[in-house]
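Student: Here is the input, now give the coordinates:
(one chain, ligands or ions: 1)
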Amino acid sequence: MARPWETGFGAEGGLYRRLRAACAAEWEAYTWHPFVRAIADGTLPLAAFRRYLIQDYLFLIHFARAKALALFKAESVEAMRAKVSDIGAILSETLMHLRYCEGWGISQAEVLATPEAAETVSYTRYVIDRGLAGDILDLEVALAPCTVGYAEVALRIEHDPGRRREGNPYETWIATYAAPGYQALAQAAAARIDALGVSHGGEARFPMLSAIFSEAARLEARFWQMGLDAARGAAPEYEKARR
Ligand SMILES: Cc1ncc(C[n+]2csc(CCO)c2C)c(N)n1
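Tutor: Predicted coordinates:
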């Protein structure tokens, strides 16, 4: 069977595909996590999705900050303009996200009152830290599992034989990332990694870049797991006390 998510992003022999291949186990654990499979067949407990959605709002805010750092680290005025546009899109997305949460029965007040989970803090601050310590290539590599990974996740879901469409409560979520507009954005992110790999010595820096990419993929998998843990009532004690 064709596996378009394996070939749809980055050029063959390019840095993106090399980074992805170098952490095959982490990448699989992220992009085909039980949370993702349960979205595909519609069996994900609503409590898991709600926990994920609230934390994803907090995630987006810090993702916008990481993109703002990419503006600062950009090396041309064209690249700076592209980042301004990305930041604007993410900040608009945070507003849409609050409305989307309301559709799931989560009030704006509840979202705003929820503290960041350890999984949200560790992932977003890790990305920002790699960007602060490194250059634009380090930062783009730390950001890529988020941007490109979700496009791959959507393709995997769409090609899953266990995929359920009728009555699947997660159709709108899937559609967001399967949309051509989002897929193109992810392809552009992988192409940026390939281009920076050539211009910024990706070969010599590969061990460090690979460590960053694989750590970001591992933290994405933990983010899904945080959602599942909430459905199992396995949230940390200190967070239970707040409910
Ligand atoms: C944990 C987590 N990881 C990735 C995304 C996806 N995502 C967040 S911002 C952005 C760029 C385009 O706006 C994309 C694709 C998410 N929502 N949550």
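Student: CA atoms for contacts and neighbours, from now on please.
Tutor: Fine.
Student: and this protein, which residues reach the ligand?
Tutor: Contact residues (C-alpha under 6 Å from any ligand atom) of the chain with the ligand: Asp56, Leu60, Ile90, Cys146, Thr147, Tyr150, Glu220.
Student: Identify, from those, the entry nearest to Glu102.
Tutor: For the residues of the chain next to the ligand, the residue nearest Glu102 by C-alpha to C-alpha is Asp56; the value is 13.9 Å.
Student: tell me the contacts of the closest one?
Tutor: By C-alpha atoms under 8 Å, 6 or more residues apart in numbering, no residues touch Asp56.
Student: shaky segments in the protein?
Tutor: Scanning the chain with the threshold set as pLDDT under 70 gives 1, 234-243.
Student: let's go with 90 and repeat that
Tutor: 1-2, 232-243 (pLDDT under 90).
Student: so Asp135 makes contact with Glu75?
Tutor: No - with contact defined as C-alpha atoms under 8 Å, Asp135 does not reach Glu75; the gap is 9.6 Å.
Student: Which one of these two is surrounded by more residues?
Tutor: Asp135 (15 against 12; other C-alpha atoms under 10 Å).
Student: Just read off the phi/psi values of the more buried one.
Tutor: phi -110, psi -170 (degrees, to the nearest 10).
Student: Quick check: closest non-adjacent residue to it.
Tutor: Lys73 (6.5 Å; C-alpha to C-alpha, 6 or more residues apart in numbering).
Student: looking at it, Ile61 is touching Ser92, isn't it?
Tutor: No - counting by C-alpha under 8 Å, Ile61 sits too far from Ser92 to count as a contact (10.5 Å).
Student: Alright, calling it a day.
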